[in-house]
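Need a 3D model of the sequence below.
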Amino acid sequence: MNERILPLVIRKPVKSDAAAMLAYLKMVGSESDNLTFGKEGHPFTVEQEEVFLEGLSKNNNQIMLLGLINDQIVSSGSLGGSPRERLKHTMELGISVRKEYWNQGIARKIIEALFEEARKLPYLKQISLHVRADNQAAIHLYQSLGFVQTGVFPKQMHVNDMFIDTLFMIKTL
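Residues are numbered from 1 along each chain as shown. Got it, this is the predicted structure:
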């Protein structure tokens, strides 16, 4: 890993981040085929994103953190789960980093900060994720953070007219 020291600020998003967040999602979606979305980003209006971001503070089954450098969003990480009693002990991880900041330790820092937030939830016992089976850098990162592969989801992703398997990984807290 080519890790260098960056002035990374990690914080929870606020309503005023809505427009920047939507622009960020379009940017990272256009830079990588490893995400569940492409250059279209997310189909929210700024107003819808504001409502979503405001709701995060009231939602005990959703955690989101932003990574910023020079007040620009360069990374976003989230843990999302179900409010249902039988499912709330597990949350799914999502992470993205702007391509120009890959291999600099940002994803690790965001995920570790998400773990810190997750440990505040006494009912949370497990974090899961899906990762492209051919994304060796991400798989290595997740394994180094304690995730283990528990399954394969054949052809889960469809990118550029190709079907791609994903690995299902979990980390027990």
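
Show me the shaky parts of the chain.
Low-confidence segments of the chain (pLDDT under 70): 1-6.

Show me the helices in this structure, by range?
In chain order, the chain shows helices spanning 18-31, 46-56, 106-118, 136-144, with DSSP state H as the criterion.

Turn those into a markdown table, including distance to residue 87 and mean neighbour count.
Every C-beta, even on glycine, is put in place using the N, C-alpha and C of the backbone. Shown next, in a markdown table, are the helices of the chain (distance: least, C-beta to C-beta, whole Å; neighbours: other C-beta atoms under 10 Å):
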| stretch | distance to residue 87 | mean neighbour count |
| --- | --- | --- |
| helix 18-31 | 26 | 18 |
| helix 46-56 | 19 | 15 |
| helix 106-118 | 15 | 19 |
| helix 136-144 | 21 | 15 |
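
so which of those comes closest to residue 75?
The minimum distance between residue 75 and the helices of the chain falls on helix 106-118, with 5.0 Å, by C-beta to C-beta.

Quick check: closest non-adjacent residue to residue 26.
Take residue 26 and drop its neighbours on the chain: the residue closest to it by C-beta to C-beta, 6 or more residues apart in numbering is residue 41, 3.6 Å away.
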